[in-house]
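J.: For reference, the sequence and a predicted model appear below.
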Amino acid sequence: MQYLLMIYQREDEAPSEAEVAAPTREDYERFNQRYGATGALRGGAELQPTSTATTVRVRSGEVLLTDGPFAETKEQLAGYYVVDCDSLDDAIELAAAIPGASHGTIEIRPQVEGVGPSPS
């Protein structure tokens, strides 16, 4: 089953003492190499800050655009991985290994099977 692992972190304030020791790009590269070699990683990316976001809504046939994210929250979506795991327990284990889990939040969402584009 495929899962989306969403990495949330704060981007609106000076880093705390814990965040000063936050994971580095090298930590993420090691994670990518380790789990990429297992075949579990199907994709992923770091996202630009929410200041670059555009939200799209359609109401009564009219397209409405808003700068920034849809909801104001303390933590923002900073990146994601798409993974293929045998079980939720395996997805949890993988999510716990993401470097950002040490200072942010990882949300796991199972993909609805049979919906969406076919993998290439």
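T.: On my side now, so go ahead. Numbers count the residues shown, from 1 in each chain.
J.: List the buried residues for the strand or helix carrying Tyr28?
T.: Counting by DSSP states H and E, the secondary-structure element that holds Tyr28 is helix 25-38. Neighbour counts over helix 25-38 (16 or more other CB atoms under 10 Å) mark Tyr28, Phe31, Tyr35 as buried. Glycine gets a C-beta too; all of them are placed from N, C-alpha and C.
J.: for it, packing partners?
T.: strand 41-46, helix 88-97 (3 or more CB pairs under 8 Å, 6 or more residues apart in numbering; DSSP states H and E).
J.: tell me the most buried of these?
T.: Burial of those is given as mean neighbour count (mean count of other CB atoms under 10 Å); helix 88-97 ranks first at a mean of 16.
J.: where does this protein have low pLDDT?
T.: Counting by pLDDT under 70, the ranges of the chain that qualify are 12-22, 69-72, 115-120.
J.: quick one, strands of it?
T.: Counting by DSSP state E, residue ranges of the strands within the chain are 2-9, 41-46, 54-59, 62-67, 76-84, 105-110.
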